[in-house]
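J.: Pasting a predicted model and its sequence here:
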Amino acid sequence: QVQLVESGGGLVQTGGSLTLACATHGDGLSVFGWGWFRQAPGKEREFLAAISRDFGHTEYGDAVRGRFTISRDTANYTVYLQMNSLKPEETAVYYCAAQGGTIRRSLVGAAGYDYWGQGIQVTVSS
């Protein structure tokens, strides 16, 4: 079993930067990869970025490519999301997710994940 705990959210001004962290508790070796998503009120959950545990292969959603960077610390199974040039419309609850198990699926999209964090609020003020 895996538990995910996000941290680092809060309030930031337009154009500012914020780094989110996601700590993996439990069997970190069972994680194939991690992803970050966000969900604003009244909107669907949106894929932001993903990274594989072994080789660090990354994927990004179109809305954040070039501004957000995902990374991982394999020593303590923590994944980070560095967010730059934030916009007010990016105000949302941000979620960390992990893929476990033995059946490999794409890390792009919510269907590829087995475990989810509780989410953390990011508010971008105009």
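T.: It's in.
J.: which residue is nearest the centroid of this protein?
T.: With distances taken as C-alpha atoms, centre = their mean, Trp36 lies nearest the centre of the chain, 1.9 Å away.
J.: got a list of what that residue touches?
T.: Listed by C-beta atoms under 8 Å, 6 or more residues apart in numbering, the contact partners of Trp36 are 20, 22, 48-50, 68, 70, 79, 81, 94-97. Any C-beta I mention is one placed from the backbone N, CA and C, and that applies to glycine too.
J.: again, 6 Å this time
T.: Trp36 sits next to Leu48, Ala49, Leu81 when contact means C-beta atoms under 6 Å, 6 or more residues apart in numbering.
J.: The second one: neighbour count?
T.: What that stands for is Ala49. Close neighbours of Ala49, defined as other C-beta atoms under 10 Å, add up to 24.
J.: gap between it and Trp36?
T.: For Ala49, the distance to Trp36 equals 5 Å [C-beta to C-beta, to the nearest Å].
J.: same check, this time on the last one
T.: When distances are taken as C-beta to C-beta, Leu81 and Trp36 turn out to be 5 Å apart.
J.: Please apply the same query to the first one.
T.: Leu48 sits at a distance of 4 Å from Trp36 (criterion: C-beta to C-beta).
J.: If the spatially closest residue to Phe68 that is not a sequence neighbour is in a bridge, with which residues?
T.: Closest residue in space to Phe68, ignoring its immediate chain neighbours: Met83 at 5.1 Å, by C-beta to C-beta, 6 or more residues apart in numbering. Assessed by DSSP bridges, Met83 has beta-bridge partners Leu18, Phe68.
J.: same check, this time on Thr24
T.: Beta-bridge pairing for Thr24 (DSSP bridges): Leu4.
J.: Looks to me like Leu29 is in a strand.
T.: No. Using DSSP: H, G, I helix; E, B strand; the rest coil, the assignment for Leu29 is helix, not a strand.
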